[in-house]
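Student: Task: produce atomic coordinates for the following.
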Amino acid sequence: MNRFVIISGCSGGGKSTLLAELARRGHAVVEEPGRRIVQEEEAQRGTALPWIDLAAFLRRAAALSLADREAVAQEPGWVFFDRGLVDAAVGLEHETGEPVLQVLGQAHRYHGQVFLTPPWPEIYVTDPERRHGFEAAVAEYERLLRAYPALVYDVIVLPKVSVTERADFILRRLDGD
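Tutor: Below is the predicted model of the structure:
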C-alpha cells in the first residue's frame, strides 16, 4: 500500500491549514513545492516565478516533488503532500503542451485516493506567494479534477467543513483501506 497521500485542489481551498492539522496530529507532511520555490526565487531574485516564467517554475516544482518523495521515503505511516508531482505535470502540460502528465504521473504513483479541496470563495485570499485570482484557481482545479481520474486515482472532493472535520474525514477514509 502506498503511504504517500496527495491533498490537492483549488488554490485557497484550505490545503495548508489542513496539512498543519494533520502535522499537529503527528503525521508527516510535505509543504507545497510552489510556495517554497516562490520564497527561494524571490530571496535570490530569480525568475522561476509563476508570474514571470511559469514553465521554469513548473519544472522546478516537478523536480522538487520528486526530491520530496525521496526525502520522506523512510517516514513511517501516512505522509501527506500539499500538492505534488501530478499537480506540477498538469500545469506544465497545460502551459507548454509537453506531454509529461502520463509519463510522470504513472512512473511516480501516490496513494490511490487523492483528496481535493473544492473552490471555496468565502475563504479564498491572495498572498505574496498566491497572486492569481479566484477564476485562475478554479480553472486549475478543473484541470486537476480531470487529470487525477485519467491517471486512475480515486478523487475524493473534501467537504466544506472545519479543518478538524476535514482531517477526521481523510483519516477515516484512509483507515477504511
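Student: So, low pLDDT: which residues of the chain?
Tutor: Scanning the chain with the threshold set as pLDDT under 70 gives 1, 105, 121-133, 177.
Student: Tell me which residue is most central in it.
Tutor: R83 (1.2 Å; CA atoms, centre = their mean).
Student: My guess is that one contacts V29. True?
Tutor: No. At 11.6 Å, R83 and V29 do not qualify as touching, with contact defined as CB atoms under 8 Å. Just so you know, the C-beta spots here come from the backbone N, C-alpha and C atoms, and that holds for glycine as well.
Student: List of residues touching stretch 41-61?
Tutor: Here stretch 41-61 makes contact (CB atoms under 8 Å, 6 or more residues apart in numbering) with 33-34, 37-38, 40, 83, 87-88, 91-92, 95-96, 128, 131-132.
Student: Determine how far that stretch lies from the middle of the whole chain.
Tutor: Taking CA atoms, centre = their mean, to the nearest Å, the mean C-alpha location of stretch 41-61 is offset from the chain mean by 17 Å.
Student: Only the C-alpha atoms, please, for stretch 46-64, written as PDB.
Tutor: Once non-C-alpha atoms are left out, stretch 46-64 reads as follows in PDB (Å, rounded to 0.1, in the frame of the first residue of the first chain):
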ATOM      1  CA  GLY A  46      15.300  34.600  -9.600                       C
ATOM      2  CA  THR A  47      12.800  34.400 -12.400                       C
ATOM      3  CA  ALA A  48      11.300  30.900 -12.000                       C
ATOM      4  CA  LEU A  49       8.200  32.500 -10.700                       C
ATOM      5  CA  PRO A  50       4.600  31.800 -11.900                       C
ATOM      6  CA  TRP A  51       4.100  35.500 -12.900                       C
ATOM      7  CA  ILE A  52       7.500  35.700 -14.700                       C
ATOM      8  CA  ASP A  53       8.400  32.300 -16.200                       C
ATOM      9  CA  LEU A  54       5.600  29.800 -15.400                       C
ATOM     10  CA  ALA A  55       7.300  26.900 -17.300                       C
ATOM     11  CA  ALA A  56      10.500  27.200 -15.400                       C
ATOM     12  CA  PHE A  57       8.500  27.400 -12.100                       C
ATOM     13  CA  LEU A  58       6.600  24.200 -13.000                       C
ATOM     14  CA  ARG A  59       9.800  22.400 -14.000                       C
ATOM     15  CA  ARG A  60      11.300  23.300 -10.600                       C
ATOM     16  CA  ALA A  61       8.000  22.100  -8.900                       C
ATOM     17  CA  ALA A  62       8.300  18.800 -10.600                       C
ATOM     18  CA  ALA A  63      11.900  18.300  -9.600                       C
ATOM     19  CA  LEU A  64      11.200  19.400  -6.100                       C
END
